[in-house]
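Asker: with the sequence up front, the predicted model follows.
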Amino acid sequence: MGYERLAFEAADTNSDAVVSEGELARDAAVGFSSLDKDRSGTLTRSELGPHDPARFSLIDTNGDGVLTFSEVMRNKARAFAAGDKDGDGGLSLKEMVDAASADQGAVR
């Protein structure tokens, strides 16, 4: 669980062992910005590199072939709500890993 722990710790900015929705949004913004190489405010398939086309289409809700930050955040908020199994308003490492696994499996 090396990569998952690193990603969790990067998102858990206050080191309380729980990633809040705000922390997740901040982490998503950093990731989005780092991928948006042309600074267009959208992510193209080429900016994402190798990816699952079905997953891209699921997140690209308006079907315009690019991802906006709003589309990415709607997907993250949905995954966050589904992953918060104990209803405490945050994701533990286990909840985050389980949510990511479930999200990947839902597209296959």
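Answerer: Noted; the coordinates are in hand. In this text the structure is predicted, and so the values were computed from the model without any measurement.
Asker: tell me the SS of the most centrally placed residue in the chain?
Answerer: Nearest residue to the geometric centre of the chain (C-alpha atoms, centre = their mean): residue 76, 4.8 Å. Of the three states, residue 76 takes helix under DSSP: H, G, I helix; E, B strand; the rest coil.
Asker: over to the one 10 residues further on?
Answerer: When classified by three-state DSSP, residue 86 comes out as coil.
Asker: picking that back up, per-residue confidence at the residue nearest to the centre of the chain?
Answerer: We have a pLDDT of 92 for residue 76.
Asker: check residue 99 too.
Answerer: Per-residue confidence at residue 99 stands at 86 (pLDDT).
Asker: how about the nearest residue to it, chain neighbours excluded?
Answerer: Leaving out its chain neighbours, the residue that sits closest to residue 99 by C-beta to C-beta, 6 or more residues apart in numbering is residue 83, at 2.7 Å. No exception for glycine: its C-beta is placed from N, CA and C like everyone else's.
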